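> Generate coordinates for the sequence data below:
(one chain, ligands or ions: 3)
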Amino acid sequence: MKKILLLGSGELGKEFVIAAQRLGQTVVACDKYAGAPAMQVADAFEVFDMLDGDALAAAVAKHRPDVIVPEIEAIRTERLYDFERAGVQVAPSARAVNFTMNRKAIRDLAAKELGLKTARYFYATSFEELQQAAEKIGFPCVVKPLMSSSGKGQSVVKAPEELEQAWRYGCEGSRGDIRELIVEEFIRFDSEITLLTVTQKNGPTLFCPPIGHVQKGGDYRESFQSPEIAPEHLAEAQRMAAAVTEALTGAGLWGVEFFLSHDNGVYFSELSPRPHDTGMVTLAGTQNLNEFELHLRAVLGIPIPAITFERLGASAVILSPVATQTPHYEGVEEAVADDPRTDIRIFGKPVARVNRRMGVVVGYEPLGSDLDALRDRVKAAAAKVKVTE
Ligand SMILES: Nc1ncnc2c1ncn2[C@@H]1O[C@H](COP(=O)(O)OP(=O)(O)OP(=O)(O)O)[C@@H](O)[C@H]1O
Ligand SMILES: NCC(=O)N[C@@H]1O[C@H](COP(=O)([O-])[O-])[C@@H](O)[C@H]1O
Ligand SMILES: [Mg+2]
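Numbers count the residues shown, from 1 in each chain. Ligands and ions are numbered 1, 2, ... in the order given. Here you go, the predicted structure:
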């Protein structure tokens, strides 16, 4: 049995810990606040800022884990190389986690080294550089901090006069100590997908059926598995996902994000070297193993003979409209009352902020059913749940 140090303890970590507990593993859940979702189900927990390299090293020295499993991006990832050299397994690998925590490293690797198709992009370290970059890209363009997730600090800029606001918003939403933004060409995609990809220690790379999703303000609102996509688009996405995960090295589940355009084909966007929020749809039992079970098996080297697609699924998020130290949930009973194939997860975050994701509704139907109707049903159920003070 292995001891796992989980770096980040949100909703994704919570489901990962549940999967690990079911296989008898020991998990120490870490995050910068107490009472985080994954801590509620772990064997032990530590509260510290994972961007603090010394605090991170102290937690590793104290618990002597066999495996470190990052769950968020805000980690002093350079230190992971030291732990890996000292014999601790890092999932999927220190290189993968270090490259993906900063958009610059992963974007340059994908676009320049691997030659994958991405939106055109430039970097900016000052407002003047941002203006020059936006002029070259044209409008609209997308401005994002190099280090952020869930759409924090991200804006679509429609005209030059909006750039100053985008610069300020981007710097404010920037995590860690880097003050640099990326400016991207705005891709008019027809749809976007996450391709959950599994790399194994001993075994071939496996792909889950693609997950379609809808984002607002750079944050996921609903996801569904599996949308109809052109076979050549799927093949191209799988080729790119295999190339980028191979270059990053290691074993685990990855969420590889793509934009699909009827006219322009497939664009690589970014990837998470860990379970993906849109992949929470797999909690609806869409596959033989959900994304958390797949990550665990791949990390521990437990065989995954195949990933099978069992049912259509949809997920819709529950966001808090209020900031409160004492979140309450109304409408849970109503949300699940009418449909036996609808279920809900309340993450148990101790505190609510405006637009913080507090729960998710998942639902399923047999393969071959109407996916749009399923999405509507799941969204309607999620809308019945209200986070209140
Ligand atoms: N260049 C672009 N053109 C059009 N839309 C974009 C572009 N970049 C991002 N978006 C939209 O914003 C969403 C979030 O962007 P991105 O994945 O880069 O941000 P993020 O903060 O890393 O999100 P997360 O951490 O949740 O994956 C995308 O899924 C897409 O809907
Ligand atoms: N897109 C990344 C993502 O969804 N990450 C998930 O959200 C948590 C942070 O939530 P919080 O901001 O509400 O604390 C993370 O810990 C992870 O589970
Ligand atoms: Mg993303």
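> Give me the neighbour count for the residue in the chain that ligand 1 sits nearest to.
With Cβ to the nearest ligand atom, the shortest gap between the chain and ligand 1 falls at residue 149, namely 3.2 Å. For every residue, glycine as well, the C-beta is placed using N, CA and C. By the criterion of other Cβ atoms under 10 Å, residue 149 has 21 neighbours.
> Specify the local secondary structure of it.
The local conformation at residue 149, judged by DSSP: H, G, I helix; E, B strand; the rest coil, is coil.
> quick one: low-confidence ranges for the chain?
176-177 (pLDDT under 70).
> Find the residue at the geometric middle of it.
residue 276 (3.3 Å; Cα atoms, centre = their mean).
> Quick check, it in contact with residue 255.
Yes. Using Cβ atoms under 8 Å, residue 276 makes contact with residue 255 at a distance of 2.6 Å.
> Mind listing the shared neighbours of the two?
Counting by Cβ atoms under 8 Å, 6 or more residues apart in numbering, the shared contacts of residue 276 and residue 255 are 194, 196, 291.
> Could you dump those residues into a markdown table with neighbour count and distance to residue 115 added?
Below are the shared contacts of residue 276 and residue 255 laid out as a markdown table (neighbours: other Cβ atoms under 10 Å; distance: Cβ to Cβ, whole Å):
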| residue | neighbour count | distance to residue 115 |
| --- | --- | --- |
| 194 | 29 | 22 |
| 196 | 30 | 23 |
| 291 | 31 | 28 |
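> Which member of these is positioned nearest ligand 2?
Within the shared contacts of residue 276 and residue 255, proximity to ligand 2 (Cβ to the nearest ligand atom) peaks at residue 194, which comes in at 10.6 Å.
> What residues are bridge-paired with the closest one?
Beta bridges link residue 194 to residue 211, residue 257, judged by DSSP bridges.
> Going forward, the N-terminal residue is numbered 44.
With the count now opening at 44, the last piece we talked about shows up as residue 237.
> which residues sit in contact with it?
253, 254, 256, 266, 298, 299, 300, 301, 319, 321, 322 are the contacts of residue 237 under Cβ under 8 Å, 6+ apart.
> ok, now residue 236?
Residues counted as contacts of residue 236 (Cβ under 8 Å, 6+ apart) are 253, 254, 255, 256, 270, 272, 280, 300, 301, 303.
> at 6 Å instead, please
Contacts for residue 236 were tallied using Cβ atoms under 6 Å, 6 or more residues apart in numbering; they are 253, 255, 301.
> what number of residues lie near the closest residue in space to residue 321 that isn't next to it in sequence?
Once flanking residues are discounted, residue 321 sits nearest to residue 266: 3.9 Å by Cβ to Cβ, 6 or more residues apart in numbering. Residues near residue 266, counting by other Cβ under 10 Å, number 29.
> partners of residue 266 in the sheet?
The partner residues for residue 266, given DSSP bridges, come to residue 256, residue 358.
> show me the contacts for it.
254, 256, 321, 324, 358.
> mind giving me CSV with these and columns for distance to ligand 1 and neighbour count?
Output for these, formatted as CSV (distance: Cβ to the nearest ligand atom, whole Å; neighbours: other Cβ atoms under 10 Å):
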residue, distance to ligand 1, neighbour count
254, 12, 27
256, 7, 23
321, 8, 28
324, 14, 34
358, 14, 30
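> which secondary structure elements does the strand or helix carrying residue 278 contact?
Here residue 278 sits within helix 274-291, counting by DSSP states H and E. Packing contacts for helix 274-291, counted by 3 or more Cβ pairs under 6 Å, 6 or more residues apart in numbering; DSSP states H and E, involve helix 137-143, strand 234-242, strand 295-304, strand 308-315.
> Show residues contacting it.
Under the criterion Cβ under 6 Å, 6+ apart, residues 138-139, 142, 153, 157, 159, 238, 240, 242, 248, 250, 297, 299, 301, 303, 309, 311 lie in contact with helix 274-291.
> Quick check: buried residues in that helix?
By neighbour count on 16 or more other Cβ atoms under 10 Å, the buried set for helix 274-291 is 276-277, 279-281, 283-288, 290-291.
> do the same with stretch 369-378
The neighbour-count check on stretch 369-378 (16+ other Cβ under 10 Å) flags 370, 372, 374, 375, 378 as buried.
> In contact with the residue lying closest to the first one once chain neighbours are set aside, which residues?
In other words, residue 370. Leaving aside its chain neighbours, residue 370 sits nearest to residue 395 (4.1 Å; criterion: Cβ to Cβ, 6+ apart). Contacts for residue 395 (Cβ under 6 Å, 6+ apart) come out as 363, 367, 370, 430.
> Before I go, just wanted to say thanks for your time.
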